[in-house]
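Visitor: following is a predicted model, sequence given first.
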Amino acid sequence: MAVTIYKCPSCGAGIEYKPDLGKFKCDYCLSEYTEEEIKKQTEEIKSRKLNSYECKSCGAKVVTDETTTATFCYYCHNPVIISDRLEGDFLPNKIIPFSIDKKKAEDLFMKWAGNKRFVPNDFKDKSQLEKITGMYLPYWWVDSKVNIDYLAEGRNIRVWRVGQTEYTETKKYEIVRQGQIDINNVSELAFTKIDRNLLNGISPFNEKDAIPFTMPYLSGFFAQNYDISREEAMPLIKNQLDRYYSYLVNELVSGYDRVNNIKNNVNIDLNKWNYTLLPAWVLTYRYNNKTYVYAVNGQTGKSFGELPISSSKLNKAFGMIFAITSVVLLLGGMFIW
């Protein structure tokens, strides 16, 4: 018999229909969803593989999708680590443990959103803050060797006048740049289910704090396996290195008025891959059928996100401005008369 389990898109817990709200609600993170949103999720669920595991504390069934490696029991709230998903190719090499706790993440959120005038009132409620979730996100960290063989002609041109005569002096230089550059810890997100721009906004992470992976660090947090393989990440990593190489070459040949490339050979060797879990606090908020996401770097505290705008507050503010402007114009008219 086929069983469909409806999961909260914000935290992964089960959701139920609440007659008093006329909506579906997650009792774990308090998110609410309309019928249309649930129907959309049902179509997504049909294309995903779900698995169930038994909670060792209370015996309840914990349902996860195929990439989740650490979660919570939605009944007793005890942490659940799915150890058989942390084997072989899915065993992380490194992890950066959380150094920002939940209270600090909440304080950073309130500092970020607290003085914003036009956000919805419930955006800063305590119930909203309780949704903030600590999770380890999968990244590829790659050490590389970049071999450069570059040849160009540089020119410096000087122009001057003596009387009515204009003189031009052109000096030519041979530019040779050869060698090997070691570029380590080039990072690439290895997970498709979170906004890449959001994660870029809380980067960078300090690789000096990375330690060999051990499973106890996952306890109390969500964690995901990668769903972007090494082969799929390779062109993304090389694209990053190509951009860095182009920038480097421009720096190396600065000081010339004109540069004509003759030979520009580069060979990129991705010689060491580290599957690494990086910490982030993530908060989601639905407003007017749009999901807004806020994130905090769980190591450095750097935050980034998009704020919802309350149309009623905005309209009220414009109404007050219009009223004040009307009064000023009216008074101005009285003085004119």
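Guide: Thanks, I have it.
Visitor: flag the shaky bits of the stretch 151-300 of the chain, pLDDT-wise.
Guide: Applying pLDDT under 70 to the stretch 151-300 of the chain flags no residue at all.
Visitor: tell me where it has helices.
Guide: Ranges of helices in the stretch 151-300 of the chain, per DSSP state H, counting those that start in this stretch, are 196-202, 230-252.
Visitor: out of those, the one nearest Glu166 is which?
Guide: The closest of those to Glu166 is helix 230-252. By CB to CB, the value is 30.7 Å. For glycine as for every other residue, the C-beta is placed from the backbone atoms N, C-alpha and C.
Visitor: what's the helix or strand for Phe109?
Guide: In the assignment (DSSP states H and E), Phe109 maps to helix 102-113.
Visitor: now the helix or strand where Ser127 lies: mean pLDDT?
Guide: Using DSSP H and E, Ser127 sits in helix 126-129. Average pLDDT, helix 126-129: 72.
Visitor: any chance of TSV for the helices of the stretch 151-300 of the chain, columns mean neighbour count and distance to Glu174?
Guide: Converted to TSV, the helices of the stretch 151-300 of the chain look like this (neighbours: other CB atoms under 10 Å; distance: least, CB to CB, whole Å):
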stretch	mean neighbour count	distance to Glu174
helix 196-202	16	40
helix 230-252	14	14
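Visitor: for those helices, which one sits closest to Thr276?
Guide: Thr276 sits nearest to helix 230-252 of all the helices of the stretch 151-300 of the chain, at 12.1 Å, using CB to CB.
Visitor: chain center to stretch 216-223: distance?
Guide: Taking the mean of its C-alpha atoms, stretch 216-223 sits 19 Å from the chain's own mean (CA atoms, centre = their mean, to the nearest Å).
Visitor: and it, which residues are buried?
Guide: Buried residues in stretch 216-223, counted by 16 or more other CB atoms under 10 Å: 217-218, 221-223.
Visitor: which two among those residues are spaced furthest apart?
Guide: Spanning the widest gap among those are Tyr217 and Phe222, at 12.6 Å by CB to CB.
Visitor: what touches both of those two?
Guide: Common contact partners of Tyr217 and Phe222 (CB atoms under 8 Å, 6 or more residues apart in numbering): Tyr136.
Visitor: quick revisit: now the helices of the stretch 151-300 of the chain in TSV, with distance to Asp269?
Guide: Shown next, in TSV, are these (distance: least, CB to CB, whole Å):
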stretch	distance to Asp269
helix 196-202	25
helix 230-252	10
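Visitor: nearest to Lys302, of those?
Guide: Short answer: helix 196-202, nearest of the helices of the stretch 151-300 of the chain by CB to CB, at 5.0 Å.
Visitor: which strands and helices sit next to the closest one?
Guide: strand 290-297, strand 303-305 (3 or more CB pairs under 8 Å, 6 or more residues apart in numbering; DSSP states H and E).
Visitor: could you dump those to JSON lines with mean neighbour count and distance to Leu21?
Guide: Below are those laid out as JSON lines (neighbours: other CB under 10 Å; distance: least, CB to CB, whole Å):
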{"stretch": "strand 290-297", "mean neighbour count": "20", "distance to Leu21": "18"}
{"stretch": "strand 303-305", "mean neighbour count": "19", "distance to Leu21": "26"}
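Visitor: any chance of a markdown table for those, columns distance to Ser99?
Guide: Converted to a markdown table, the helices and strands packed on helix 196-202 look like this (distance: least, CB to CB, whole Å):
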| stretch | distance to Ser99 |
| --- | --- |
| strand 290-297 | 10 |
| strand 303-305 | 14 |
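Visitor: so which of the ones you listed gets nearest Pro97?
Guide: Closest among the helices and strands packed on helix 196-202, using CB to CB: strand 290-297, at 12.9 Å.
Visitor: for the closest one, which outside residues touch it?
Guide: 9, 100, 105, 108-109, 112-113, 194-195, 198-199, 201-203, 205, 279-286, 302-308.
Visitor: would you show me how to pick out the buried ones of those in PyMOL?
Guide: Remark: buried members of these, expressed as a PyMOL selection using 16+ other CB under 10 Å:
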select buried, resi 9+100+105+108+109+113+194+198+199+201+202+205+279+280+281+282+283+284+285+286+302+303+304+305+308
